[in-house]
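# Predicted model and sequence follow; I will ask about them next.
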Amino acid sequence: MRSASILFRQSSQPVRLAITKFCGQPVWIGAPQWPLSRSTGKPMHFIGQVALTQELFKNAHGRMVYIFMSLDQDIEGTSDPDGGENAVVVQPGHFSGPCADRATGPSLEIAKDFFTGPLNRKGRCEFTAELAVIDEPSVPTREEAATLSQEQLRQRYRLLARNKIGGVPFWIQNEAFPFPQAQLVLQLSDSGHVPFFVNFGNGQAYVFVDAQARQGKMLWQC
């Protein structure tokens, strides 16, 4: 299966193209559908958008996936795909949850600590994604793992666990696919591996679409 690793490139200007990017404001390809928190009714924070390219998502109905999550303190349920505190909007298409027809809203702040990549901490919190597509290895079975050296296992797990678009999820806990035949859109870690602040409990988020890429869901594990 093919996947693409992500190299974050800080932008000095607002990104207005319908491409994969993180933070800033969404570039809608249809009518704006900004998700609202189930518990507060406030707009969720925009995390990013992922273009569903034919290279990684063949025969996808959707063309762009927009990812949101509530980041207000004391809000529970952000890890639950059905908790009403995170949202995935697929366009073209209709988001079925509570939303506002606003084009802009709250976004993320720049990372203050830990991120070791190129970053101007006084600069703009908006990032394009330089993608490197590879043929991703499969998750080794117990029998296969017994035949691999420790270094081979580390290399395999490093490829599977990285920030990426497409491929197969590398679960921290048990498998939790939200759809039958779910396709992984984005796997994203918050523990010092991204240049913006988002709270996945020092864990990893997983964004999926269904088999036709008509609807999406998100969850995180730690």
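All right, it came through fine.

# and the gap between the nearest residue to residue 161 once chain neighbours are set aside and residue 159?
Using CB to CB, 6 or more residues apart in numbering and skipping the chain neighbours, the partner closest in space to residue 161 is residue 170 (4.4 Å). No exception for glycine: its C-beta is placed from N, CA and C like everyone else's. Per CB to CB, to the nearest Å, residue 170 is found 9 Å from residue 159.

# same thing with residue 150?
15 Å.

# Over to residue 188?
16 Å.

# More neighbours: which of residue 170 and residue 159?
residue 170 (20 against 16; other CB atoms under 10 Å).

# mind saving the C-alpha coords of stretch 147-155 as PDB?
Taking C-alpha atoms only, stretch 147-155 is exported to PDB below (Å, rounded to 0.1, in the frame of the first residue of the first chain):
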ATOM      1  CA  THR A 147      12.200 -13.700  11.800                       C
ATOM      2  CA  LEU A 148      13.300 -10.000  11.700                       C
ATOM      3  CA  SER A 149      16.300  -8.500  13.600                       C
ATOM      4  CA  GLN A 150      15.700  -5.700  16.100                       C
ATOM      5  CA  GLU A 151      17.000  -3.100  13.700                       C
ATOM      6  CA  GLN A 152      14.700  -4.400  10.900                       C
ATOM      7  CA  LEU A 153      11.700  -4.200  13.300                       C
ATOM      8  CA  ARG A 154      12.700  -0.700  14.300                       C
ATOM      9  CA  GLN A 155      12.900   0.400  10.700                       C
END
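
# Which residues are in contact with residue 120?
Contact analysis of residue 120 by CB atoms under 8 Å, 6 or more residues apart in numbering lists residue 10.

# quick one: which helix or strand includes it?
Per DSSP states H and E, residue 120 falls between elements, in no helix or strand.

# In the chain, what residue spans correspond to strands?
When secondary structure is read from DSSP state E, the chain shows strands at 2-10, 21-23, 34-35, 45-51, 64-69, 86-91, 99-100, 126-135, 164-166, 183-189, 204-209, 216-221.
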